[in-house]
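Trainee: structure for the following, please:
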Amino acid sequence: MTKDNVASVLRSIQQLASNEVLIGIPATTTERQDGEAINNATIGYIQERGSPVNNLPARPFLVPGVEKAQDAATDELKKGADAAMSGNAMGADKALHRAGIVASNSVKATINAGVPPALAESTLAARRRRGRTGQVPLIDTGSLRNSITYVLRKK
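Mentor: From the prediction side, this is the model:
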């Protein structure tokens, strides 16, 4: 005797297909602890694109970080598709979360490795005046890097 699993397979596939994984700085995590008026999402955008008017070069970290994770994240999504094809909606959902974790961790690793160009001497001097000794671009307090995450969203 065999069990008809078609309905659960179709539900699992529909659930997987109706979601998307987004990597970045969602609105719920944009606040900064130091009381600055500008939030992490805005800072991230400015750093990714640069701001010639403010003499800030582009330091792309989000797109390159996600691109570096593409193969590993795709492997997780394939596992999700396999789970969905088996009627395992929970396994498919877990795979989406794993793909998000892989990609967001890759973006953080990209920041930790240092995104060119190097910081200007004036920036390093300003950091020293504030008691900071780090020389890695995009990492001063760690607030921007720590705000990188993922969300699952219905399409």
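
Trainee: all contacts plus neighbour counts: C-alpha atoms, from now on.
Mentor: Noted.

Trainee: beta partners for Ile23?
Mentor: Tyr150 (DSSP bridges).

Trainee: tell me the contacts of it?
Mentor: Residues in contact with Ile23, defined by CA atoms under 8 Å, 6 or more residues apart in numbering, are Val66, Gly100, Ala103, Ser104, Ile148, Thr149, Tyr150, Val151.

Trainee: farthest-apart pair in the residues you listed, please.
Mentor: Spanning the widest gap among those are Val66 and Val151, at 13.9 Å by CA to CA.

Trainee: what helix or strand does Pro117 sit in?
Mentor: Applying DSSP states H and E as the criterion places Pro117 outside every helix and strand.

Trainee: ok, how many other residues are close to it?
Mentor: Look at Pro117: counted by other CA atoms under 10 Å, it has 11 neighbours.

Trainee: so it sits right up against Leu56, yeah?
Mentor: No. In this structure, Pro117 is not within contact of Leu56 by CA atoms under 8 Å, at 10.2 Å.

Trainee: and the helices in this protein?
Mentor: For the chain, the helices defined by DSSP state H cover 6-17, 40-49, 62-68, 70-85, 89-113, 121-129, 143-146.

Trainee: need these in JSON lines (columns: distance to Ile23 and mean pLDDT).
Mentor: JSON lines is the format used below for those (distance: least, CA to CA, whole Å; pLDDT from 0 to 100):
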{"stretch": "helix 6-17", "distance to Ile23": "17", "mean pLDDT": "81"}
{"stretch": "helix 40-49", "distance to Ile23": "12", "mean pLDDT": "93"}
{"stretch": "helix 62-68", "distance to Ile23": "8", "mean pLDDT": "98"}
{"stretch": "helix 70-85", "distance to Ile23": "12", "mean pLDDT": "94"}
{"stretch": "helix 89-113", "distance to Ile23": "6", "mean pLDDT": "97"}
{"stretch": "helix 121-129", "distance to Ile23": "28", "mean pLDDT": "96"}
{"stretch": "helix 143-146", "distance to Ile23": "12", "mean pLDDT": "94"}
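
Trainee: nice, that's everything, thank you.
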